[in-house]
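# Give the three-dimensional model of this entry:
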Amino acid sequence: MFFIAHATRHSRLKTRQVSRQFIIHWPEVGVDRTSWAGINDKGGLDSEVEVGTLAEAAAVIEGRRACLIVGGDGVLLAEAHVPGGAASRAATVARYALEEQLADDVDNLHFSLGQKRAGDMFPVAVIDRDTMDEVTAHCAEAGLRPIEIVPETLALPMPERLPGDEATQWTALVDADRAVVRLNGYSGFVSDVDMAGLMLEGAHADLEEGGEAEITVFETGNAASLRVPAGVAVDQRHCDHLLGLFAAGLVDAPRINLLQGEYSPRNQLDKSLKPWGWTAALAAVLLLLLVAGRWLDLRQMQAEEAALDEAIAESFSIALPGARMQRPRRQIEDALSKLGQGGNDGFTANLAAIADSLASQSQTTLNSLTLRNGRFDLDLTTDAVPSLDALASDLSGRSSLGLEVQSANREDGGVRARVRVQ
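Numbering: from 1, shown residues only. Okay, here's the model as predicted:
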């Protein structure tokens with residue numbers, strides 16, 4: 001049974017009702033005038049029918065699921081035999097199987113397939129590639145991404161076959177002087193009403209001898225009269241709105257989605273992303289360089305930190321030999337505090353006396369100074385051994401410290417000496 005919606009009832013529906021699915025009818029691709037409405041799962045409309053441009057339809061739909069019904073004038077419906085019935089190669093086989101039936105070069109045509117039928121037969125919808133490019137380009141420009149594009153012929157509903165009824169079932173839509181006819185599943189045509197009558201006679205003649213046919217004719221308010229061949233049973237019905245009829249057909253009638261092959265949504269997404277491929281690759285390289293640079297900086301900082309820790313440990317072992325390093329700064333400060341106790345004989349006074357004595361001996365240079373167990377070990381460079389005696393004499397005159405030469409060697413015209421002060 002058909003579910004035919006009444007436009008008078010739909011006009012009372014509130015436009016704020018949000019539909020999950022929409023149907024858009026675009027009868028003439030070259031003219032930007034469409035009609036659309038929300039549809040439900042039962043084959044009816046659940047919003048009022050609106051009319052406007054493709055962009056206006058896209059704005060209302062706002063990314064929800066949509067099926068676009070295009071004029072069937074430029075879509076040829078045929079069948080192709082694919083030996084073995086392999087769907088993977090059906091599209092290629094169909095192109096060349098139908099080549100002799102087509103006036104145009106197959107390279108200029110787009111082929112879409114339906115579900116395989118008995119005898120390894122595949123229904124095929126053929127449309128001019130330029131027309132398909134124009135449809136998809138207009139949709140993209142309007143911001144519309146339909147999940148299906150279906151020709152009018154395959155959007156018509158098919159009557160429910162009653163038990164025991166062997167008659168061939170046809171469906172026709174007559175709107176003004178234009179007829180859309182669906183013949184027995186995937187076949188059909190679009191023409192003016194007069195030509196449609198002749199084509200129906202041809203279809204009737206092609207039936208097997210004794211075959212019966214029934215046709216359900218839906219007519220709009222201004223429809224011309226469709227001439228039906230004698231012997232074909234006719235069920236005439238009124239169609240309030242084309243979208244209501246198409247919505248009923250999309251529920252369970254077989255159809256072919258023209259969005260296949262290079263026009264499938266996935267391939268279209270790949271095409272839109274392809275120009276960004278080099279940009280994405282460059283961004284990935286830059287990100288990799290940034291991460292690598294940060295990693296190298298981190299490694300360098302870790303190496304510097306390790307070197308600093310090693311230097312601290314070495315200095316600590318020199319300053320406090322035998323002590324366990326835990327909090328080096330605090331331990332050194334505590335040791336200096338202890339050395340500083342005792343007035344003029346303390347660490348500060350002794351260090352000052354050594355510094356003053358070295359300052360008085362301009363020919364003597366201090367290379368390094370080490371503190372161990374309250375005594376000072378000095379690495380000195382001077383001009384001669386008597387200068388060390390002069391330094392010891394000056395130091396004893398300034399403090400109670402004594403200077404003992406541990407070693408002295410000639411080096412580069414001078415003397416390199418290690419002395420102990422305590």
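# any chance you could map the helices in the stretch 51-200 of the chain?
Using DSSP state H, counting those that start in this stretch, the helices found in the stretch 51-200 of the chain span residues 54-61, 90-97, 129-142, 152-155, 193-205.
# For Gly72, which of those helices is the nearest?
When these are ranked by distance to Gly72, counting by C-beta to C-beta, first place goes to helix 152-155 at 4.0 Å. C-beta here means a position set from N, CA and C on the backbone, and glycine is covered the same way.
# now the one helix or strand Val291 maps to: how far from the chain's centre is it?
Here Val291, judged by DSSP states H and E, is contained in helix 277-319. Between the mean C-alpha point of helix 277-319 and the mean C-alpha point of its chain there is a distance of 33 Å (C-alpha atoms, centre = their mean, to the nearest Å).
# With stretch 161-174 instead?
In terms of C-alpha atoms, centre = their mean, the gap separating the centre of stretch 161-174 from the centre of its chain is 47 Å.
# what about it, average pLDDT?
Throughout stretch 161-174, pLDDT has a mean value of 83.
# do the same with stretch 399-411
In this model, stretch 399-411 has an average pLDDT of 90.
# which residues of the stretch 201-350 of the chain score low on pLDDT?
The model of the stretch 201-350 of the chain has pLDDT under 70 over residues 267-277, 336-346.
# same for the helix holding Val291, what does it pack against?
With contacts defined as 3 or more C-beta pairs under 8 Å, 6 or more residues apart in numbering; DSSP states H and E, the secondary structure elements packing on helix 277-319 are helix 328-340, strand 365-372.
# quick one: strands adjacent to the last one?
By that I understand strand 365-372. Applying DSSP bridges to the sheet, strand 365-372 is found paired with strand 375-382 (antiparallel).
# So what's the residue count around the nearest residue to Asn373 once chain neighbours are set aside?
Closest residue to Asn373 apart from its sequence neighbours, by C-beta to C-beta, 6 or more residues apart in numbering: Pro321 at 8.0 Å. A total of 11 residues lie near Pro321 under the criterion other C-beta atoms under 10 Å.
# In which helix or strand does Pro321 reside?
Here Pro321, judged by DSSP H and E, is contained in no helix and no strand.
# For Gly202, see how far away it is.
As judged by C-beta to C-beta, to the nearest Å, Pro321 and Gly202 stand 114 Å apart.
# With Arg266 instead?
The span separating Arg266 from Gly202 equals 40 Å under the rule C-beta to C-beta.
# Would you map out the domains in this protein?
The chain is divided into the following domains under automatic domain parsing: 7-263, 276-340, 341-421.
# any idea which of the ones you listed is most buried?
domain 7-263 (a mean of 17; mean count of other C-beta atoms under 10 Å).
# Let me see the contact set for the residue nearest to Val51 when sequence neighbours are not counted.
Sequence neighbours aside, Ser35 is the residue nearest to Val51 in space, at 4.8 Å (criterion: C-beta to C-beta, 6+ apart). Going by C-beta atoms under 8 Å, 6 or more residues apart in numbering, Ser35 touches 24-25, 49-51, 242-243.
# got it, and Val106?
Val106 makes contact with 95-96, 98-99 under the criterion C-beta under 8 Å, 6+ apart.
# any chance of the residues you listed in CSV, plus distance to Ala283 and pLDDT?
Output for those, formatted as CSV (distance: C-beta to C-beta, whole Å; pLDDT from 0 to 100):
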residue, distance to Ala283, pLDDT
Arg95, 40, 86
Tyr96, 44, 84
Leu98, 46, 89
Glu99, 46, 85
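# Now do stretch 179-198: distance to the chain's middle.
The chain centre lies 44 Å from the centre of stretch 179-198; the measure is C-alpha atoms, centre = their mean.
# start to end distance for it?
In stretch 179-198, first residue to last residue: 12 Å (C-alpha to C-alpha, to the nearest Å).
# And for stretch 235-245?
15 Å.
# Give me the distance from it to the chain's centre.
Distance of stretch 235-245 from the chain centroid (C-alpha atoms, centre = their mean) equals 43 Å.
# same thing with stretch 108-124?
Mean-position distance between stretch 108-124 and its chain equals 32 Å (C-alpha atoms, centre = their mean).
# just stretch 87-100 next, same as before
33 Å.
# Please identify the helix or strand for Gly249.
Gly249 is located in helix 242-252, with elements delineated by DSSP H and E.
# now for that helix, which elements pack on it?
On a contact count with 3+ C-beta pairs under 8 Å, 6+ apart, helix 242-252 meets strand 21-26, strand 34-39, helix 152-155, strand 168-175.
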